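Trainee: Here is a sequence together with a model predicted from it:
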Amino acid sequence: MVEVQHPTSVEQAVAALAEGGLALAGGTDLMVEVNFGQARPENVVALRRIGELADWGPNRIGAGVTWSRLEREAPTALAQAARTVGSPQIRNAGTLGGNVGTASPAGDGLPFLAAVDASIELASPGGVRTVPWHEFFVGVKKTARLAGELITAIHLPEAMPERQAFGKIGARNAMVIATVCCVVTRDDADVTRVGLGSVAPTPMRARHAEEMISSIARPSASDRVEFARLVSEEVRPITDHRSTEEYRRHAAGVLARRLLDRCLR
Ligand SMILES: Cc1cc2nc3c(=O)[nH]c(=O)nc-3n(C[C@H](O)[C@H](O)[C@H](O)COP(=O)(O)OP(=O)(O)OC[C@H]3O[C@@H](n4cnc5c(N)ncnc54)[C@H](O)[C@@H]3O)c2cc1C
């Protein structure tokens, strides 16, 4: 028998999770696991009635904000990512917090978090802590979240580059899990950031490529080719049922270069 609790505040949810409950937000990842017999939770803590998890401040997006809302209100590249997630039904139910909680290498929200150096806010009976993205994602579907901690929000930096773009390559144009996904941002001082997904166990940054292209105010065609080469060199993809290591490596460079082109215009 599954026990389902419906807390209406973060405080209640934290208490329920501390007793061994498993968080359920939109259920678009968790219920797939349940349906395939990969998860058999006995104590579920449903988060949908907690209004404060959908709070959205200037630099803080509540974990319970859905993809549908992100499509309309998020910074450019995150909104673009949101538009590629699943179908309207999935986007109405699925949340940014759930994407972070699952920590799939292919999570479409995660390259943005990497590119802008976001942090993850976690609440427990002991208080609230904030973990930078690169310390939070530690492996394939593995995070630094401790048992019982509730993901309450994503923190974004105060200043974010206006020029930013998300792109995703997959086997189809819609309803597809990424073979490669990427966010490129470039600010007015030419500082360029490249966040990537599906090409390593965790979301990652292509830091050599960033360093090279950030030092060039007006990259030439050959600079952009070199940028793509560095991205392809830095990623750490695997071959699996969705793609090969070689294709992912090549596609990551091409995608990052195309997104850079969008940020240069
Ligand atoms: C048909 C289909 C298509 C999809 N397409 C895409 C896609 O294109 N791109 C993509 O990135 N994903 C896709 N997904 C996966 C999924 O929709 C997303 O990862 C979504 O963001 C998950 O959010 P959720 O609220 O449904 O999470 P849930 O399923 O409710 O939870 C996911 C995990 O996170 C934990 N969790 C959730 N919220 C919290 C919290 N606040 N604190 C602590 N732990 C928490 C849960 O315990 C669970 O382990 C798809 C899924 C389906 C079924």
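Mentor: The structure has been received and is ready for your questions.

Trainee: so which strand or helix has the closest residue to the ligand within the stretch 101-250 of the chain?
Mentor: Closest residue of the stretch 101-250 of the chain to the ligand, C-beta to the nearest ligand atom: Gly101 (2.3 Å). Yep, even glycine has a C-beta here, placed from its N, CA and C like the rest. Per DSSP states H and E, Gly101 falls inside helix 96-102.

Trainee: same question, Tyr247
Mentor: Assigned by DSSP H and E, Tyr247 belongs to helix 245-264.

Trainee: re earlier: give me the phi and psi for the nearest residue in space to the residue of the stretch 101-250 of the chain closest to the ligand that is not next to it in sequence.
Mentor: Here the nearest residue to Gly101 in space, its sequence neighbours aside, is Ile151; by C-beta to C-beta, 6 or more residues apart in numbering that works out to 5.7 Å. The phi and psi values for Ile151, taken as degrees, to the nearest 10, are phi -80, psi 120.

Trainee: let's number from 30 now, not from 1
Mentor: Fine by me, first position is 30 from now on; the one you just mentioned is Ile180.

Trainee: Double-check the residue of the stretch 130-279 of the chain closest to the ligand against Leu51; I have them as touching.
Mentor: No: counting by C-beta atoms under 8 Å, Gly130 does not reach Leu51; the two are 10.1 Å apart.

Trainee: The residue nearest to Gly130: what's it in contact with?
Mentor: By C-beta atoms under 8 Å, 6 or more residues apart in numbering, the contact list for Ile180 reads 52, 92, 126, 129-130, 149-151, 174.

Trainee: could you measure it against Asn128, distance?
Mentor: Computed as C-beta to C-beta, to the nearest Å, the Ile180 to Asn128 distance reads 10 Å.

Trainee: what do you get for Leu259?
Mentor: Applying C-beta to C-beta to Leu259 and Asn128 gives a distance of 27 Å.

Trainee: what do you get for Cys210?
Mentor: Using C-beta to C-beta, Cys210 is found at 12 Å from Asn128.

Trainee: what touches both of the two?
Mentor: Asp137.

Trainee: which residues touch stretch 110-122?
Mentor: 55-57, 95-97, 99-100, 103, 123, 137-138, 140-141, 195, 197, 203-205, 210, 212.

Trainee: Among those, name the ones in helices.
Mentor: Counted as lying in helices by DSSP state H, out of these, are 96-97, 99-100, 140-141.

Trainee: just the residues of the stretch 80-229 of the chain that are near the ligand, which are they?
Mentor: When proximity is defined as C-beta under 6 Å from any ligand atom, the stretch 80-229 of the chain approaches the ligand at 92, 113-115, 119, 122-124, 126-128, 130-131, 136-137, 179-180, 206.

Trainee: Do you know the pLDDT at the residue nearest the centre of the chain?
Mentor: Residue closest to the average C-alpha location in the chain (C-alpha atoms, centre = their mean): Leu139, at 1.8 Å. pLDDT, Leu139: 98.
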